[in-house]
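1. need a structure here:
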Amino acid sequence: MKGIVHFISGVAVATFFPQAVQAAAQDLSFVLVLGGIGGILPDTLDFKLARYFEHVDYSIDPDPAAPDPQALAETLARALERGFAGEPVTVQLHTMKLGADLWRQYRVFFDTEASEVVVRIGPLVTTAQVPYPASKPVEFAEGRAPVDVPMRPGFAEVVVDIFSGPMLAFRRRNGAVEIVFLPWHRRWSHSLLLALGLGLLGALLSPLHGLVLGLGALVHILEDQLGHMGSNLFFPLTRRRVPGLRLLRSGDAMPNFFTVWLSLVFIVFNLDRFSSAPLLTPLPYFLLTLLVPWTLILGANWLLSRGRAPRISEALAVSEVLEEAEEIEM
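-> All right, here's what the predicted structure looks like:
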């Protein structure tokens, strides 16, 4: 989910503790904000810290003026074969920036049936990823390189267009090359151990601060498990991510909007019920703030979505984190 969603969720969790609400109201304590900090901290650690410590074996940096898709495909094929033969290999796919608001897009596809790596040079796009009309190159727009090892990609393709570009990891597992998207993301920073560690760190101030900070991070991790990529919940016992439930993705408007709405509903309710003179009655309040409006909203969304083409499920795992990364980059 988006960063603001994780932050608001962390604040909402903090308001379930009456001591936190009273401290914020009477002593101007920052303890509620601490819950929001815990909520956004796992992604901040990844995108502002962990990514820069990841070793890069291959740096693919195409020439924006004359990109060579065949050379890109051959480099990726060599990296795949090297990852199968020995230690894991990481590849950084750089973007092609042509101006302040102009980028050349390219796509990487791992064709398991033909045992090929395919790189396609795409159109010019804005930072909003809107393509310019008739900007797709006609000549030399595609490169193909054979791969002599079996591949196991976890997604259909990788789209590289804006900001810094994604990283891939190639490593041998069960007789094939496993292709991992953003290998530095959602590892130790999205583990139960990290939530526990933050709780202990916050406890240096007080047990309440520890609970708020640790639970804020835990809510972030659980929210991410609703998506596609999942998280390395049990680090350091394992280095692998636990697959997500695939119920939503980071860029879906409705889940993000609903989570913010739900968080605000609970924040207002908790602030009221822990005040000296509560005004809200639970049943009418939740009917008016949740059941009635969301029945109407979801019904309207269902009517509008009828007839739309279904999205390719394999691509959602990639788009989920790309949208999350784009927000943090901005």
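2. just the strands in this structure please.
-> 58-60, 89-93, 96-99, 102-111, 116-125, 142-146, 151-153, 157-160, 167-173, 176-181 (DSSP state E).
3. would you list those in TSV and tack on distance to Gly36 and mean pLDDT?
-> C-betas here are computed from N, CA, C, even on glycine. What follows is those, written out as TSV (distance: least, Cβ to Cβ, whole Å; pLDDT from 0 to 100):
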stretch	distance to Gly36	mean pLDDT
strand 58-60	36	96
strand 89-93	32	97
strand 96-99	33	95
strand 102-111	32	95
strand 116-125	33	95
strand 142-146	46	96
strand 151-153	36	93
strand 157-160	31	93
strand 167-173	28	96
strand 176-181	28	95
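4. Not counting sequence-adjacent ones, nearest residue to Phe7?
-> The shortest distance from Phe7 to any non-neighbouring residue, by Cβ to Cβ, 6 or more residues apart in numbering, is to Gly36 (4.2 Å).
5. check contacts around that neighbour.
-> Phe7, Ile8, Gly10, Val11, Ala14, Gly216 (Cβ atoms under 8 Å, 6 or more residues apart in numbering).
6. nearest to Arg120, of those?
-> Nearest to Arg120, judged by Cβ to Cβ, of the contacts of Gly36 is Phe7 at 37.2 Å.
7. What is the neighbour count of the closest one?
-> Each residue near Phe7 was counted by other Cβ atoms under 10 Å, and the total is 22.
8. circling back: tell me which of the strands of the chain lies nearest to Arg51.
-> Comparing the strands of the chain by Cβ to Cβ, strand 167-173 comes nearest, at 7.5 Å.
9. so what strands line up beside that closest one?
-> Under the criterion DSSP bridges, strand 167-173 sits next to strand 89-93 (antiparallel), strand 176-181 (antiparallel) in its sheet.
10. is it true that Leu182 touches Met167?
-> Yes - between Leu182 and Met167 there is a contact under Cβ atoms under 8 Å: 5.9 Å.
11. between those two, which one's more packed in?
-> Taking neighbours as other Cβ under 10 Å, Leu182 and Met167 compare with Leu182 leading, 22 against 19.
12. From Arg172, how far off is the more buried one?
-> Using Cβ to Cβ, to the nearest Å, Leu182 is found at 19 Å from Arg172.
13. cool, and Leu76?
-> Distance, Leu76 to Arg172, using Cβ to Cβ: 16 Å.
14. Looking at the two now, which is surrounded by more residues?
-> Set side by side, Leu76 and Arg172 show more neighbours around Leu76, with 25 against 18, by other Cβ under 10 Å.
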